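Chemist: Fold the following, please.
(chains A and B)
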Amino acid sequence: MTTKKHDTVLLAHGGGGRLSDTLIRKHILPRLNNDELAELGDSAKLDLDSKRICFTTDSYVVKPLFFHGGDIGKLAVCGTVNDLAVAGARPIALTLSLIIEEGLAFETLDKILSSIGDAAAQNRVRIVSGDTKTVEAGAADKIYINTAGVGVRLPGVELGCERIEPGDKIVISGTIGDHGMTIISQREGIEFESQLLSDCAGLSELTCELLENAGGIKFMRDPTRGGLAATLNEIAGAGRVSIEINETEIPVNPTVQAAADILGFDVLEAANEGKFVAVVSPDRADECVSICRKHPLGADAAVIGEVVEMRDVPTVEMITKIGGRRIVQLPYGRELPRIC
Amino acid sequence: MQIDKIREYQATIERACRKLGRQINVMEVCGTHTVAIFRSGIKSILPKGFKLLSGPGCPVCVTDQSYIDTVLRLADRDDCIIATYGDMIRVPGEGGSLETKQARADIKVVLSSEDALELARANPEKKVVFVAVGFETTTPATAVAVREAAEQGIENFFILSGHKLVVPAMRALLAAKNNNIDAFLCPGHVSVITGYGVFGEIVEDFGRPCVVGGFEAMQIMEALAEICTQLATGKPQLKSMYPAVVTEKGNTAALKIVSECFEPADGYWRGLGKIDKSTLKLKDKYSRFDAAKHFGIAETPGREQAGCRCGEVLCGLIEPPQCGLFAETCTPDDPVGACMVSSEGACAAWYKYGRKVQREQ
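Modeler: Take a look at the predicted model:
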């Protein structure tokens, strides 16, 4: 018996019956193209060549689903890959969980799944296990994705906030705010003369290259939600140090800056999805930057500041373009465009 | 070199401070200026004798408490959708804020009056109330939406006008006996619409320099240096240092549509009280879109939250850290007063960018 062809996802596609089977075999498996997944076992069995692993999870709920420079599928792969990458691990495998709102067009779902397949291949991770659920219309917004990832820690690499000390340099792998300002502008329907593009990308190739070839890297983090401002405050807080950055050294795409100015956002607080911040011992900072710059994802890498002694509380301070000083605070949780 | 220019402006300001031998207080009356000043660290490079006061320039901050409470009451009605700019949703008032009510009331954050009108089209069974706040910069957009609603016969679109005029507020500040304002850094955005000519009466009637400035750190410093030169020579003038975008007469098309839809009315401001002809209300021709009229809302002065000194902050009488609530019970995460809510409010900007620097001085 053949099943009727559907244009949109139905509740029954998550019901564990024939329609679920169609969803998995016709839509998911061909796009993820992976023998381990095709076994459809209850668990994936992995043989890792090290006991030192990193394990992480993240959920993705972006609106719009498709944005300039990426989509929710690419984001779901790259985001988890990056969480492993900045912890000093080489990503090995991901799980993929989809929560789909009834009524989502298969055309949309297929595009997202293809994007997941492409991003996994590019980042050399396998999607080894997964799950799909469907919820009734209105109970979710089109599609939510969760990925969990496991990676093997690079030999000899020990990253940790406790290693950070005054004098260390702060390195950023490229321009800031691209993802955040792309999403916000697209949400608000604002177009700019030159296209804003999300920086959504998997960083593991670059971070592995860097960690294997440059010494002196003490800590890394990807400045996603809350942007550089949040990440630097987290680093200062965890390391019990203060940080001083130089506005003139921070790479910002001019269109991103223009969008931030128009919408009243601080570009330091805008999200990134393909950047990392590294804290590096001062004698190795230049080497770190030059290795980054050889990689397309690190072409604009720069030393943007340094760790200084904490006075009373961990503080992030910025020396502005005009030579003034101001505090860089942990942003409030919600971004609101201003009135005029 | 940019930094050399900055040093030059700094030197001009320092010379003026020395020459006058007293503190110079310059007030900015635009929230975007307030944020730009903090973000660029300008306060940290000005001499001790020069003070920048953040005046009534942030639309959220100057909105009277009674207006906020009215919006919150309308949000409780089942037949209303509240369409508001994002900044407004966190202002606390009677029974919470729009943000805390968002889970059970129909509240939509919009980026323009046009989006609010679209909501009305899409929800004909509901009354869409647009929270129309802002200075001369946002009024034209509200006017366009009202005219469009009239032309297209959209019956379920209403605006609660909280629109305000900058110049009457500046006059009210200077008319107060205890004011300490030497000059105004005039708002660039407002001037694009009104033209810089509107500030001429301040120079003539009160003898205070009025200089329109742009929003780059360099442009702000240039305007401050110009103000200092005028103060030092004792020749107050009206001047635009933002000539690329600001003309004397402004945007006549925008002004025309505003005057077609709105007329000045006496109205309440947070901290400043009732100011003659300082707010805008819809003309009779468009009064069917007036939410105040439709829902029978009488304008009364609002009650400030206990202990909140936003009013004095807005008048430049105190700086935010002088308020007992500042950074204690009033923070951006849990604000008491409006000036801590909007990112453009003096208290929020001070909290965000200036706290530690201030402590070290």
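
Chemist: Quick check on the one residue in the stretch 1-150 of chain B that gets nearest to chain A: phi, psi?
Modeler: Residue nearest to chain A within the stretch 1-150 of chain B: residue B:41 (2.3 Å; Cβ to the nearest Cβ). In short, each C-beta sits where N, CA and C put it, glycine included. For residue B:41, the backbone dihedrals (degrees, to the nearest 10) come out as phi 70, psi 20.

Chemist: Who's the closest spatial neighbour of it, skipping the chain neighbours?
Modeler: Leaving out its chain neighbours, the residue that sits closest to residue B:41 by Cβ to Cβ, 6 or more residues apart in numbering or on different chains is residue A:324, at 2.3 Å.

Chemist: Is the one you found in contact with residue B:44, as I believe?
Modeler: Yes: assessed by Cβ atoms under 8 Å, residue A:324 is found in contact with residue B:44 at 4.3 Å.

Chemist: Looking at the two now, which is surrounded by more residues?
Modeler: Taking other Cβ atoms under 10 Å in any protein chain shown, residue A:324 and residue B:44 do not tie; residue A:324 has more neighbours (23 against 20).

Chemist: Next up, phi/psi of that one, please.
Modeler: phi -90, psi 180.

Chemist: Local confidence estimate at it?
Modeler: For residue A:324, the model assigns a pLDDT of 93.

Chemist: ditto for residue B:208
Modeler: So, for residue B:208, pLDDT stands at 97.

Chemist: How about residue A:254?
Modeler: 94.

Chemist: For it, grab the count of nearby residues.
Modeler: If you count neighbours by other Cβ under 10 Å, residue A:254 ends up with 10.

Chemist: go on, the one 3 residues further on?
Modeler: By the criterion of other Cβ under 10 Å, residue A:257 has 15 neighbours.

Chemist: For residue A:271, see how far away it is.
Modeler: 15 Å (Cβ to Cβ, to the nearest Å).

Chemist: element containing the residue nearest to residue B:292 when sequence neighbours are not counted?
Modeler: Excluding the flanking residues, the one nearest residue B:292 by Cβ to Cβ, 6+ apart is residue B:160, at 6.2 Å. Secondary structure assignment for residue B:160, by DSSP states H and E: strand B:157-163.

Chemist: Could I get the buried residue list for the helix or strand following that strand?
Modeler: The helix or strand immediately downstream of strand B:157-163 is helix B:166-175, counting by DSSP H and E. Of the residues in helix B:166-175, B:166-174 count as buried by neighbour count, 16 or more other Cβ atoms under 10 Å in any protein chain shown.

Chemist: how about those residues in TSV, adding pLDDT?
Modeler: Output for the buried residues of helix B:166-175, formatted as TSV (pLDDT from 0 to 100):
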residue	pLDDT
B:166	96
B:167	97
B:168	97
B:169	96
B:170	97
B:171	97
B:172	95
B:173	95
B:174	96
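
Chemist: List just the nearest of the residues you listed to chain A.
Modeler: residue B:166 (11.7 Å).

Chemist: Report the buried residues of the host helix or strand of residue A:205.
Modeler: Element membership for residue A:205 (DSSP H and E) is helix A:204-213. By neighbour count on 16+ other Cβ under 10 Å, the buried set for helix A:204-213 is A:204-208, A:210-211.

Chemist: do the same with stretch B:288-303
Modeler: B:289-292, B:295, B:297, B:299, B:302.

Chemist: now swap in stretch A:260-274 and tell me
Modeler: In stretch A:260-274, counting by 16+ other Cβ under 10 Å, buried: A:260, A:263-274.

Chemist: from the residues you listed, which ones fall inside helices?
Modeler: A:260, A:263 (DSSP state H).

Chemist: can you narrow the buried residues of stretch A:260-274 to ones near chain B?
Modeler: Filtering the buried residues of stretch A:260-274 for proximity to chain B by Cβ under 8 Å from any Cβ of the partner chain leaves A:264, A:266.

Chemist: Could you work out the most separated pair of the buried residues of stretch A:260-274?
Modeler: A:264 and A:274 (24.5 Å; Cβ to Cβ).

Chemist: For residue 194, which residues are in contact?
Modeler: As the question left the chain open, I've gone with chain A. residue A:255 (Cβ atoms under 8 Å, 6 or more residues apart in numbering or on different chains).

Chemist: Wait, chain B was what I had in mind.
Modeler: Contacts of residue B:194 (Cβ under 8 Å, 6+ apart): B:136, B:166, B:250, B:255.

Chemist: ok, for residue B:282, nearest residue in space, not its chain neighbours?
Modeler: Nearest residue to residue B:282, sequence neighbours excluded (Cβ to Cβ, 6+ apart): residue B:290, at 4.7 Å.

Chemist: All the helices of the stretch 101-250 of chain B, residue numbers only.
Modeler: Using DSSP state H, counting those that start in this stretch, the helices found in the stretch 101-250 of chain B span residues B:113-122, B:139-151, B:166-175, B:188-194, B:200-206, B:217-233.

Chemist: Tell me the buried residues in the longest one?
Modeler: Put plainly, it is helix B:217-233. Neighbour counts over helix B:217-233 (16+ other Cβ under 10 Å) mark B:217-232 as buried.

Chemist: Packing partners of that helix?
Modeler: Helices and strands touching helix B:217-233, by 3 or more Cβ pairs under 8 Å, 6 or more residues apart in numbering or on different chains; DSSP states H and E, are helix B:2-20, strand B:24-28, helix B:31-39, strand B:50-54, strand B:183-186, strand B:210-212.

Chemist: Please repeat the previous calculation with a cut-off of 10 Å.
Modeler: helix B:2-20, strand B:24-28, helix B:31-39, strand B:50-54, strand B:183-186, helix B:188-194, strand B:210-212, strand B:238-240 (3 or more Cβ pairs under 10 Å, 6 or more residues apart in numbering or on different chains; DSSP states H and E).

Chemist: now the residue of the stretch 201-340 of chain A found nearest chain B: how far from residue A:239?
Modeler: For the stretch 201-340 of chain A, the nearest residue to chain B under the criterion Cβ to the nearest Cβ is residue A:324, separated by 2.3 Å. From residue A:324 across to residue A:239, the span is 25 Å (Cβ to Cβ).

Chemist: Pick out the least confidently modelled helix or strand of chain A, by mean pLDDT.
Modeler: helix A:35-38 (a mean of 82; mean pLDDT, DSSP states H and E).

Chemist: So what touches it?
Modeler: With Cβ atoms under 10 Å, 6 or more residues apart in numbering or on different chains as the contact definition, helix A:35-38 has outside contacts at A:24-25, A:28-30, A:32, A:44-46, A:93, A:95-96, A:126-130.

Chemist: ok, of these, which come out buried?
Modeler: Among the contacts of helix A:35-38, those classed as buried by 16+ other Cβ under 10 Å are A:24, A:28-29, A:32, A:44, A:93, A:95-96, A:126-130.

Chemist: residue contacts, residue B:16?
Modeler: B:24, B:47, B:49-50, B:224-225, B:227-233.
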